[in-house]
Every structure is written in C-alpha cells, then in structure tokens.
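>>> Give me a 3D structure for the following:
(chains A and B)
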Amino acid sequence: MAEVRLEIAGLGILLTGTDSLQRALSLPGMAEFLAPDGETDLLFALDEPISLPRCRLLYQFDIADGCIQSRFGTDDEGSYYYAFGRHGLLRYNPCHPYRVDLSPMADPSVLRFALWSAVAMSGLPLGAVPVHSSVVVCNGRAVMCLGESGTGKSTHTRLWLENIGDTHLLNDDSPIVRYADGDVRVYGSPWSGKTHCYHQERYPIAGLLRLEQRPENTIRRLGTLEAFAALQPSCPPSLARDERCLDLLVQFISNVLQHVPAYRMGCLPNAEAALLSHDTLMP
Amino acid sequence: MKINPNIKIRDVVGEHIVVMPGEAQTDMTRVIALNDSALLLYNALAGRDFELEDAVRILTDEYEVSDDVARRDAKVLLDDMRKNNLLV
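Next up, the predicted model:
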C-alpha cells in the first residue's frame, strides 16, 4: 500500500492505495496538485473493498458521455454510496476515510469521478464545493461563468482572454469554491473538462456570472433568491438529494452569496459581451 | 389539509426558501421562496391538520385586517402553497 499527498482547495488530501493509486496519479492534472509536505485534512483510501448494503436511491446519472450508468444512495447508518455497475463502488461516511473500490478494468472516467466526488462529499463540511463553471482571472480577481452545458461559459472566458489585458484561465469545468473564516476563494483543480488547465492557485471572486444566449448583450445584478437559483444548480447534484448534504450546501451557498455578487447575463459570443461583463464586475 | 411533512424551510441570507429536489432520474431542483405570510402559516400550522378558517384566524391575529380580507388572502396563499407541493 502506497500513499501520496495532494493539496486541492487548500485541503491536504492523503491518497492511499495500490493499482488505483498509480492510475489516479497518471490522470491529467493530478501531478500539478502533488504536495508532499503538510497536514492531512482528508483521507481517501483507494483499493479498499466495499460491500454494498441495502440503500435508498437518491439520484441516478450517467458519466463517460452517457456510457456508464451511476447510482447514488444512502443506507440506514449514514453512509453514502456511488455504484457504477461492474466498474466499482465508492463509499462516503463523514466519520471515516472516503473509500474507493474500483475494478482494475474500471474506466478512467470513473476514477476521475471517484476523486472528484471524494472532494465534493468530504469537502462540503469543510466549506469546499466544486462549482461547474469556467473561471477567468483578471488583475488577481476571478470571474466565474456559470450556465447549463452549451450556454457558452468557455466561449465567454475565451473572449475575456482575447480582449482584456492581464487575464488567464484558472479552470474550464470544475474549480472549487471554498468558504473559510469569512472569506470566499476559488481554487484551480485537477478537473477542467476537455481543457488542460490545471493551476494550483486561488483568488478572491469578483462575481458570479450566470450566462444565457441572447440576441443582445445585457447584464443585471441578482437579488438573493435569484442568486441562489443561479448558483445551486452548478453545485454537485448529489448534494441536493440528501437532507444533511442539502443543509450544508444551503449554508455554504448562503455564506458565498454574502460575500460575492451574482449577475445574470444575456450574451452574444462577441468582444462587446466580454467588455460589458468586465466593466460591470471590475469597474 | 396539512403542510407537506417532507419539506424543510432553509435560510439563505435572511430569505426563507424550500428546495425541492426533482425525481432521482433528473437534474432539476425547484427553489420556492416563502413570503412573511406564508412563513407565518407554515410555522403555525406545520405538523397538524387544519382548515381554511384556521389560516384566516392566524392572519387576523397577526395583521390588522378584516376576516374577509384575511380569508381572501389565505385562499390565495394556500392555493399557491398547494400548487408548489407545500400542502398535502
């Protein structure tokens, strides 16, 4: 059994395992988050056997572009399980290490999901939540573009990179937002969709931008309820399926929204859209 | 009628909301905001069977309104709550 330390969203994560650990470290982006020295906040045990008890189904979804059916459920003893058919199982119990038991033949996308969900589930009580978004950094502050798949999140951040100075992309799919000690930051992560953009960096957040495609460019600041409705669907869906997780998630969103403004933007894929959101969020 | 026992009011920056997850097969969640009157009814009526007149009395006790106005408001509120699955 080998062990490796990662640092993601400011959390020291000790990964233990054998074959799956080696495969995990060869996934794109993981090497950027290796950090041998430091404290351990979370323990993820790969290659640990799990038996699946009788569970209440909370949520069903697909990964690997719809190829692998996945189920999320909970048992009577407060543990949560993900099941991926022949690919394997994950178990999260707040009092124990996150356990991963994947087949040696498991698809790499299941292993990627296993590590991502480990951070999502066990980071939540520590105020760390992955948020589906594309994030651009300008002058040391981050703008998070949210929206359903296909609304142009990556297009909008690319338009910032092309039209606004002192910018770089932090993450293109699943950065991690962390609330700690009255402060909200967004961190790069090893999960960036199809864009290889893995930065061990963190920034304060200038604003959340919920994007929609529109025939003209418009932007307006959202009140609390609309801001909640803009951010909540971009958080991991499993977390909204269980009462205890939802308590923590709503608390997290409430903390974030007390410190970060949210906007709804209707936009075209043009330079004016980037200039409008830039001038509004960073006047 | 009864308040749906499966709902939970949560606080977001001082606003009162109910998050309703969709079915296990879908990605959708609904977020419902409660105004002060709906919150008043929820707090007073959760956990027991009640009639329209119970809601009317709660509104007239809290606000300076006639029975008729309170009854009309209570009907609208309860209809809205029923449409949003807050009542069973």
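>>> Flag every residue of the stretch 51-200 of chain A that's near chain B.
Residues of the stretch 51-200 of chain A lying near chain B by Cβ under 8 Å from any Cβ of the partner chain: A:57-61. Every residue, glycine included, has its C-beta placed from N, CA and C.
>>> give me that answer again for 7 Å
A:57-60 (Cβ under 7 Å from any Cβ of the partner chain).
>>> Poorly predicted segments of chain B, please.
The model of chain B has pLDDT under 70 over residues B:23-27.
>>> mind listing the strands for it?
Assigned by DSSP state E, the strands in chain B fall at B:10-12, B:15-21, B:29-34.
>>> okay, those strands in a markdown table with mean neighbour count and distance to chain A next?
Formatted as a markdown table, these follow (neighbours: other Cβ atoms under 10 Å in any protein chain shown; distance: least, Cβ to the nearest Cβ, whole Å):
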| stretch | mean neighbour count | distance to chain A |
| --- | --- | --- |
| strand B:10-12 | 17 | 5 |
| strand B:15-21 | 19 | 5 |
| strand B:29-34 | 17 | 5 |
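>>> Quick check on the residues of the stretch 51-200 of chain A next to chain B: which are buried?
For these, a burial check counting by 16 or more other Cβ atoms under 10 Å in any protein chain shown picks out A:58-59.
>>> Greatest separation within the residues of the stretch 51-200 of chain A next to chain B: which pair is it?
Maximum pairwise distance in those, criterion Cβ to Cβ, is 8.7 Å, between A:Leu58 and A:Gln60.
>>> tell me the domain ranges of chain A?
Chain A breaks down into these structural domains: A:2-126, A:129-281 (assignment by automatic domain parsing).
>>> ok, back up a step: let's have the residues of the stretch 51-200 of chain A next to chain B in JSON lines, adding pLDDT and secondary structure.
JSON lines is the format used below for these (pLDDT from 0 to 100; DSSP: H, G, I helix; E, B strand; the rest coil):
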{"residue": "A:Leu57", "pLDDT": "95", "secondary structure": "strand"}
{"residue": "A:Leu58", "pLDDT": "93", "secondary structure": "strand"}
{"residue": "A:Tyr59", "pLDDT": "92", "secondary structure": "strand"}
{"residue": "A:Gln60", "pLDDT": "93", "secondary structure": "strand"}
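>>> In chain B, which helix is the longest?
Ranked by number of residues, the top helix in chain B under DSSP state H is helix B:67-83.
>>> That one packs against which elements?
helix B:36-45, helix B:52-62 (3 or more Cβ pairs under 7 Å, 6 or more residues apart in numbering or on different chains; DSSP states H and E).
>>> Now tell me what touches that helix from outside.
Residues from elsewhere that reach helix B:67-83 (Cβ atoms under 7 Å, 6 or more residues apart in numbering or on different chains): B:37-38, B:41, B:52, B:55-56, B:59-60, B:87.
>>> Please repeat the previous calculation with a cut-off of 6 Å.
Contact with helix B:67-83 is made by B:37-38, B:55-56, B:59-60, B:87, as judged by Cβ atoms under 6 Å, 6 or more residues apart in numbering or on different chains.
>>> cool, stretch A:69-89 as well?
Stretch A:69-89 is contacted by residues A:50, A:52-53, A:55-63, A:68, A:90-93, A:101-103, A:106-107, A:110, A:238 when judged by Cβ under 6 Å, 6+ apart.
>>> Am I right that A:Ser133 is in contact with A:Val143?
No: proximity of A:Ser133 to A:Val143 does not meet the contact threshold set by Cβ atoms under 6 Å, at 9.4 Å.
>>> Nearest residue to the most centrally placed residue in chain B in space, please, no chain neighbours.
Nearest to the geometric centre of chain B sits B:Ala38, at 4.3 Å (Cα atoms, centre = their mean). In this structure, B:Ala38 finds its nearest non-sequential neighbour in B:Leu77, 5.6 Å apart by Cβ to Cβ, 6 or more residues apart in numbering or on different chains.
>>> ok, the one you found to chain A distance?
Plainly put, B:Leu77 is 18 Å away from chain A if you go by Cβ to the nearest Cβ, to the nearest Å.
>>> Let me see the contact set for residue 10.
If you meant another chain, say so; for now it's chain A. Neighbours of A:Gly10 in contact, by Cβ under 6 Å, 6+ apart: none.
>>> wrong chain, I was asking about chain B
Contact partners of B:Arg10, counting by Cβ under 6 Å, 6+ apart, are A:250, B:17.
>>> Pull out the buried members of the contacts of stretch A:69-89.
Among these, the ones that count as buried by 16+ other Cβ under 10 Å are A:50, A:55, A:58-59, A:61, A:63, A:68, A:90-93, A:101-102, A:106-107, A:110, A:238.
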